[in-house]
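>>> Here is my input; please provide its structure:
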Amino acid sequence: MATDVAQVSEPALDAWGRWEAEHADVLEKATGPQRVLLEAAVRFVAVIASQPLLLRMAAFFLLHAGMGLTAAQVGAAVGRTSHAMRTVRGLSVRELLDSIWAELRRHRQPKLHPEHAGPIAKFLVDHPGCAQPEVVAFIASDLKIDVDVQTLRRFLDTYGLGVLRPDRAAKEQAPARPFRWGAPTSEAPSSSCLLRSR
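The predicted model follows:
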């Protein structure tokens, strides 16, 4: 039993005592099983307080647990307003998941990955005169990935596939220089070099 207490973080233990003192009115209206659930929720929230998505999910599960917890009780347990909890209570499981996915898409991962460079390069070689919307259509139909033209352009630039497009290759046919920032080189000696006499 001592090991179980040692594994629980100290803030989670302190959180219940502090919460119990601050929300005595909420606890008065709670039944015995609701008090147990509220205590577990408060300790859990103390650990995940920095994760808003987990807080939203915890509130959703508390409100839909079938324990009869009110929006005010759950709001106090997760540190949100009862108005916000009424909004969460009105969500279906599908709506909750959609809201979480919407939140995660703000930090979305790229749709095109390095393994897609090969099939896209093959398509560009097989269809040298194709326009970008045609490449986007190929990606949607064959790779089952929905991208826009801007995403495609960044992908082509990242993996050097832009040279496979004739219109871009023509723009990049500028005279080659050994260094991008240097002056053009020539075989003639510079004016600052003195010729050595033999």
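
>>> quick one, domains of the protein?
Here the domain parsing of the chain from automatic domain parsing is 8-105, 114-171.

>>> what's near enough to touch residue 84?
Applying CB atoms under 8 Å, 6 or more residues apart in numbering to residue 84 gives the contacts residue 75. For glycine as for every other residue, the C-beta is placed from the backbone atoms N, C-alpha and C.

>>> okay, it: pLDDT?
pLDDT recorded at residue 84 is 84.

>>> Buried residues, the host helix or strand of it. List them.
Per DSSP states H and E, residue 84 falls inside helix 82-89. If you call a residue buried by 16 or more other CB atoms under 10 Å, then helix 82-89 has these buried ones: 85, 88, 89.

>>> Tabulate the CA atom coordinates of it in CSV.
Taking C-alpha atoms only, helix 82-89 is exported to CSV below (Å, rounded to 0.1, in the frame of the first residue of the first chain):
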residue,chain,number,x,y,z
SER,A,82,-20.6,25.3,-15.5
HIS,A,83,-21.6,27.1,-18.8
ALA,A,84,-18.6,25.4,-20.5
MET,A,85,-19.7,22.1,-19.0
ARG,A,86,-23.3,22.5,-20.3
THR,A,87,-21.8,22.9,-23.7
VAL,A,88,-19.7,19.7,-23.3
ARG,A,89,-22.7,17.9,-21.9
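
>>> following it, which helix or strand comes up?
For helix 82-89, the succeeding helix or strand toward the C-terminus, using DSSP H and E, is helix 93-105.

>>> So which bits of that following helix are buried?
Judged by neighbour count using 16+ other CB under 10 Å, the buried positions of helix 93-105 are residue 96.

>>> and what of stretch 149-165?
Residues 151, 152, 153, 155, 156, 161, 162, 164, 165 are the ones in stretch 149-165 that count as buried (16+ other CB under 10 Å).

>>> For residue 141, see how far away the first one is.
The spacing between residue 151 and residue 141, counted by CB to CB, to the nearest Å, is 16 Å.

>>> just how off-centre is stretch 96-104 within its chain?
11 Å (CA atoms, centre = their mean, to the nearest Å).

>>> er, stretch 158-165 I mean
27 Å.

>>> just stretch 71-79 next, same as before
For stretch 71-79, the distance to the chain centre is 28 Å (CA atoms, centre = their mean).
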